[in-house]
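*Asks:* okay, here's the prediction I keep looking at, along with the sequence it came from:
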Amino acid sequence: MTRPSRHHHQEPLAASTAAASQLPPAFPARAAWGTAGRLRAWQAAALEAYAARSPRDFLAVATPGAGKTTFALRIATDLLERSVVRRVTVVAPTEHLKRQWADAAARVGIHLDPSFRNAQGRHGAQFDGVVVTYAQVAMKPALHAARTAAGPTLVILDEIHHAGDALTWGDGVRDAFEGATRRLALTGTPFRSDTSAIPFVTYAPDADGIRRSVADHSYGYGDALRDGVVRPVLFLSYSGRMRWRTRAGDEVSAALGEEGLTKDLTAQAWRTALDPAGEWIPAVLAAADVRLSEVRRTVPDAGGLVIASDQADARAYAAHLRRISGEPATVVLSDDDGASARIEEFAQTDARWMVAVRMVSEGVDVPRLSVGVYATSTATPLFFAQAVGRFVRARRRGETASVFLPSVPQLLELAATLEAERDHALDRATDEDPELLLAAAEREEQASDTLVDDGEQGTFEALEAQASFDRLLFDGGEFGGGADAGSDEEADFLGLPGLLEPDQVAMLLRQRRAERVAGAPQQRAPQVDHRRLAELRKELNALVGAWARRSGQAHGSVHTELRRRCGGPEVALASAEQLEARTTMVRDWFVGRR
């Protein structure tokens, strides 16, 4: 008895959209697609490019939230119906995404087994194929090669850049799917610079002779924003004074993002800011919760996500959120069955907050996420784009996304260039490649994060972390000029309406900036003698050092006490009058006038 066609009930629809009506005959609109048949313009264009060439390999680069899954499944249904292929294999980065892909495919009549294990050898007759992970393929590439050779197969490589995560993963993907009839590679994030080619990706030399990946169709964040496919993103950055003890036992104090800090000091100040026991994280989480409440005035089910560095931090951040918001936060600690269920439950409810470690940074579809806190020390363009991608999935016009960041130069640069498109650079043209330097800096930072070292060294210890609102970044512009957490100026930015078109956001920000400038007292700017300021800083630091040795107080604690009593910002930003007042106070301490 022959199995009835999966699509025997389907009849072509009249063109569901103008875009769909322009598709070539190979891609008729189908009743089984329902609303999924309403193609976006970029999907229609990409499908037309695919049909025109019928290529064995095709790379589609589209920003998160643009609809890569719909595009891929549209190709899969066509190839299955025309018997170009008889089975489909989807390779995804995580276990959670396996179920997500299977659910999406089932909605258009393709039945994929997300529970397939290598030990099975083959999938059940009721399925059209399987969904596996890159790790699963790397473990048994020969098995997957045999499965691919058993019948004409379409292989969909979701987030193909993961094939470059490890040599074994890339080799496994190449060995397993070399014999595939068709291969469709997808990615929604910038490729990193590397020296290893990603399987089935075409490379071509640019004007400088560097081989870069060549996409068959690209649809960037800037394009999607103009089309209203994704939300605009407001980045709210927070600085503040940090104090920590190094592993060598030295106490150091610096402002997060302070100009002139070395790479190591920036990493240590950043790490101090993220310490759950400090004041920075609770202040930023409180600000983010205020922002979420404002968004929920017009988008009642809007949710927030905190991306943490590790499980201990995630639990601690969740405890802060419960105290701040009065509601428990959903905590996702690892990529296991329980974690997937928690993500899916959160996606279906109107709960306020989810806290997770990395696993929700890519591919996880929770469209109601509107507010994010980037509380991790990872700063590669790849991970940053993945993380921000969780908040840009548009549901209705006017929704905006708000992402809270530490004021770290690397992150601010990535936020300012979110619309930049990056191809995979296969050759290292120079040792000064910024992406390679950034990756090296992260490796060094991770190495320095070890809390227990050999017997000759101690442990890194975060001592104090204060938070202050730094600036808001939007559409290439910067707004705000530094304000205390909880101040009226901060509240102006946190209280932006939750439903605004991009041009309305820009207009409102410019208007508020103009109002602040107009409301400021008009007076002649005082003359600034930079040499005098340098002398005052040097004198104050010397006195503070002497008092620290005499009193046994930490150097940073003395500075903090002086700021508390005399007012004003950190030493590097203080005026001559503020420095002189602090110097006078320290001198009074030495003579007993406290």
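*Replies:* In hand now; what should we look at?
*Asks:* isn't residue 89 right up against residue 130?
*Replies:* Yes. Using C-beta atoms under 8 Å, residue 89 is in contact with residue 130, at 5.8 Å. For the C-beta atoms, the positions are set from N, CA and C on the backbone; glycine is no exception.
*Asks:* where do the contact lists of these two overlap?
*Replies:* residue 147 (C-beta atoms under 8 Å, 6 or more residues apart in numbering).
*Asks:* tally of neighbours for residue 489?
*Replies:* 14 (other C-beta atoms under 10 Å).
*Asks:* wait, a strand at it?
*Replies:* No. Using DSSP: H, G, I helix; E, B strand; the rest coil, the assignment for residue 489 is helix, not a strand.
*Asks:* hmm, residue 299 is touching residue 402, no?
*Replies:* No. Between residue 299 and residue 402 there is no contact under C-beta under 8 Å: 11.6 Å.
*Asks:* tell me which of those two has more neighbours.
*Replies:* residue 402 (28 against 19).
*Asks:* residues touching the more buried one, list them.
*Replies:* So residue 402 contacts 233, 234, 236, 288, 291, 295, 370, 371, 372, 391 (C-beta under 8 Å, 6+ apart).
*Asks:* residue 375 now?
*Replies:* Residue 375 neighbours (C-beta under 8 Å, 6+ apart): 274, 281, 284, 306, 307, 308, 309, 313, 317.
*Asks:* how does it look with 7 Å?
*Replies:* Residues near residue 375 by C-beta atoms under 7 Å, 6 or more residues apart in numbering: 274, 281, 306, 307, 308, 317.
*Asks:* quick one, helices of the stretch 51-200 of the chain?
*Replies:* Residue ranges of the helices in the stretch 51-200 of the chain, as given by DSSP state H, counting those that start in this stretch, are 68-81, 95-106, 134-139, 141-149, 167-177.
*Asks:* as JSON lines, the ones you listed with mean neighbour count and mean pLDDT would be great.
*Replies:* Shown next, in JSON lines, are the helices of the stretch 51-200 of the chain (neighbours: other C-beta atoms under 10 Å; pLDDT from 0 to 100):
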{"stretch": "helix 68-81", "mean neighbour count": "22", "mean pLDDT": "95"}
{"stretch": "helix 95-106", "mean neighbour count": "21", "mean pLDDT": "90"}
{"stretch": "helix 134-139", "mean neighbour count": "20", "mean pLDDT": "93"}
{"stretch": "helix 141-149", "mean neighbour count": "18", "mean pLDDT": "96"}
{"stretch": "helix 167-177", "mean neighbour count": "19", "mean pLDDT": "88"}
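*Asks:* mind checking those for the one nearest to residue 566?
*Replies:* With C-beta to C-beta as the measure, helix 95-106 is the member of the helices of the stretch 51-200 of the chain nearest residue 566 (52.5 Å).
*Asks:* name the nearest residue to residue 241, sequence neighbours excluded.
*Replies:* Residue nearest to residue 241 in three dimensions, not counting chain neighbours: residue 466, with 4.8 Å by C-beta to C-beta, 6 or more residues apart in numbering.
*Asks:* from the centroid of the chain, which residue is nearest?
*Replies:* residue 387 (1.8 Å; C-alpha atoms, centre = their mean).
*Asks:* help me confirm that residue 365 is found in a strand?
*Replies:* No. Per three-state DSSP, residue 365 lies outside any strand segment and is coil.
*Asks:* that one contacts residue 100, doesn't it?
*Replies:* Yes. In this structure, residue 365 is within contact of residue 100 by C-beta atoms under 7 Å, at 6.3 Å.
*Asks:* before we move on, the earlier item: quick one: closest of the helices of the stretch 51-200 of the chain to residue 562.
*Replies:* So among the helices of the stretch 51-200 of the chain, helix 95-106 is nearest, using C-beta to C-beta, at 50.5 Å.
*Asks:* packing partners of the closest one?
*Replies:* With contacts defined as 3 or more C-beta pairs under 7 Å, 6 or more residues apart in numbering; DSSP states H and E, helix 95-106 has these neighbours: helix 68-81, strand 87-92, strand 112-113, strand 129-133, helix 337-348.
*Asks:* make a markdown table out of these and add distance to residue 50.
*Replies:* As requested, the helices and strands packed on helix 95-106 are arranged in a markdown table below (distance: least, C-beta to C-beta, whole Å):
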| stretch | distance to residue 50 |
| --- | --- |
| helix 68-81 | 6 |
| strand 87-92 | 15 |
| strand 112-113 | 20 |
| strand 129-133 | 19 |
| helix 337-348 | 30 |
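*Asks:* contacts for the helix or strand hosting residue 584, please.
*Replies:* Under the criterion of DSSP states H and E, residue 584 resides in helix 576-590. Helix 576-590 is contacted from outside by 532-533, 536-537, 539-540, 543-544, 547, 562, 565-566, 568, 594, using C-beta under 7 Å, 6+ apart.
*Asks:* go ahead and confirm the residue nearest to residue 241 touches residue 239.
*Replies:* No. Counting by C-beta under 7 Å, residue 466 sits too far from residue 239 to count as a contact (9.1 Å).
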